[in-house]
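Asker: Okay, here's the prediction I keep looking at, along with the sequence it came from:
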Amino acid sequence: MDKKTKKYSEEELAIGIIFKEFRISKGFSQLEAAGNEISVTHLSNFENGKTVISTNHFLNILQNINVNMFEFQNSLNQYFQKKDLLLFNIEMADAFAEKNVSKLRMITEELHKKLEISSTISTTKKYRLDYIRAKSILSFVDSSYFLTKSEITFLENYLYNLKEWGQYDIAILGQCAQFLDFIHLIELSDRMINPSQNSINIPYVKQTIIQTVLNIINIFVDAGLYTPARKFIKYLENIKINDNYMFEKFTLVYNTARYNYKIGDEGALAVMNDCRKALEFCKCFNTSNWIAEEIIRIKDQNSKNN
């Protein structure tokens, strides 16, 4: 490897490689991709690992081939999947949906190893947050995993210090919410949905906010804290969830019925059953079975209370 090649890291040069794959797959020529931003020669050198380009030029040529940063980041993560654990977001979600406890444990332990290795470098905060998030998700299916007091404090400090909430921050609040005390959870949730956030109207960020608020509503309903539960139900009703987010709209209907039943509306149970039937109609059997089990639990608890 010559000195010129050593000038840039593998990660830096990979950006050009991934860009080239996108450009070709989208059917754009180098001339079309370069546009008025950079020369074709500069683009060719960038794509072939001979140089890098500035961030503003990169963002503009990415737009020239109709690719957004979310798509690009996903492909870049896959390119480095053997050493880049950012893919755990997707892997954890898939494993959780499948109730694949073994895979969830494996991902969590991989993150723990990364955290131990990085104990003296600048990525420690990132790996620690990832590990906390993974442990919290795993705790839903394996009660032997839980967040320690120091991990909860670390997470809360991180969230309280945020000036701008992004998709990652919103998701980690929702996935770890069950371990936070209720006062902190209310305060952090209010900060998250603050309309002054610059990213709040980005579609995928807004969807993550909706998903997180839905989870928080459940936590408050389970705890019998109906005032904050109603507050966040009202928040979701007022923002008028787009029809593109059908599952989130559906979940809001179910969560609202669950809330109404808890505060004494017996008729809400019929709405919950309607939700179960709708899921069965759509062949979402895992979720419909989960709802059926929850309805049985709710009925049993109600019988005991009466």
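Answerer: Yep, that arrived.
Asker: Show me the residue sitting in the middle of the protein in space.
Answerer: A171 (4.2 Å; Cα atoms, centre = their mean).
Asker: now that residue, nearest residue through space, not along the chain?
Answerer: Using Cβ to Cβ, 6 or more residues apart in numbering and skipping the chain neighbours, the partner closest in space to A171 is T208 (5.5 Å). Every residue, glycine included, has its C-beta placed from N, CA and C.
Asker: Could you check the helix or strand harbouring the one you found and say which residues are buried?
Answerer: Per DSSP states H and E: T208 is located in helix 203-222. By neighbour count on 16 or more other Cβ atoms under 10 Å, the buried set for helix 203-222 is 205-221.
Asker: Does the residue nearest to A171 touch Q167 like I think?
Answerer: Yes: using Cβ atoms under 8 Å, T208 is in contact with Q167, at 5.0 Å.
Asker: And the closest residue to I186 other than its chain neighbours, how far from T212?
Answerer: Leaving aside its sequence neighbours, I186 sits nearest to P228 (Cβ to Cβ, 6+ apart; 5.5 Å). P228 sits at a distance of 14 Å from T212 (criterion: Cβ to Cβ, to the nearest Å).
Asker: now do G27
Answerer: G27 is 38 Å from T212, by Cβ to Cβ.
Asker: now F182
Answerer: F182 is 16 Å from T212, by Cβ to Cβ.
Asker: repeat for E156
Answerer: On the measure of Cβ to Cβ, E156 and T212 end up 15 Å apart.
Asker: follow-up on the earlier one: in contact with the residue nearest to A171, which residues are there?
Answerer: Neighbour list for T208: Q167, I170, A171, G174 [criterion: Cβ atoms under 8 Å, 6 or more residues apart in numbering].
Asker: what helices or strands is the helix or strand containing the third one leaning on?
Answerer: Here A171 is covered by helix 167-176, with elements defined by DSSP H and E. Judged by 3 or more Cβ pairs under 8 Å, 6 or more residues apart in numbering; DSSP states H and E, helix 167-176 is in contact with helix 124-139, helix 149-160, helix 182-192, helix 203-222.
Asker: Need the residues that contact it.
Answerer: 89, 129, 132-133, 136-137, 147, 152, 155, 159, 162, 188-189, 192, 199, 204-205, 208-209, 211-213, 215-216.
Asker: now the helices for the stretch 1-150 of the chain?
Answerer: 3-6, 10-26, 30-34, 40-47, 55-64, 69-79, 88-97, 101-117, 124-139, 149-160 (DSSP state H, counting those that start in this stretch).
Asker: Can you tell me which of those is most buried?
Answerer: helix 124-139 (a mean of 20; mean count of other Cβ atoms under 10 Å).
Asker: what does that helix contact?
Answerer: Taking Cβ under 8 Å, 6+ apart as the rule, helix 124-139 contacts 85, 88, 92, 96, 101, 104-105, 107-108, 111-112, 114-115, 118, 145-147, 151, 154-155, 158, 171-172, 175-176, 178-179.
Asker: State the distance from the residue nearest to the centre of the chain to N77.
Answerer: 15 Å.
Asker: What residues does L59 make contact with?
Answerer: M69.
Asker: quick one: it from M69, how far?
Answerer: In terms of Cβ to Cβ, L59 sits 8 Å off from M69.
Asker: do S144 as well
Answerer: Taken as Cβ to Cβ, the span from S144 to M69 is 38 Å.
Asker: what's the burial count for K231?
Answerer: 15 (other Cβ atoms under 10 Å).
Asker: in what helix or strand does it lie?
Answerer: helix 226-239.
Asker: Using CSV, list the CA coordinates for that helix.
Answerer: Extracted in CSV, the C-alpha atoms of helix 226-239 (Å, rounded to 0.1, in the frame of the first residue of the first chain):
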residue,chain,number,x,y,z
TYR,A,226,-53.9,7.9,34.2
THR,A,227,-53.4,11.7,34.0
PRO,A,228,-50.1,11.5,32.2
ALA,A,229,-51.4,8.6,30.1
ARG,A,230,-54.3,10.8,29.0
LYS,A,231,-52.0,13.7,28.3
PHE,A,232,-49.9,11.7,25.8
ILE,A,233,-53.0,10.1,24.2
LYS,A,234,-54.3,13.7,23.6
TYR,A,235,-50.9,14.6,22.2
LEU,A,236,-51.1,11.8,19.6
GLU,A,237,-54.7,12.6,18.8
ASN,A,238,-53.8,16.3,18.2
ILE,A,239,-50.9,15.7,15.9
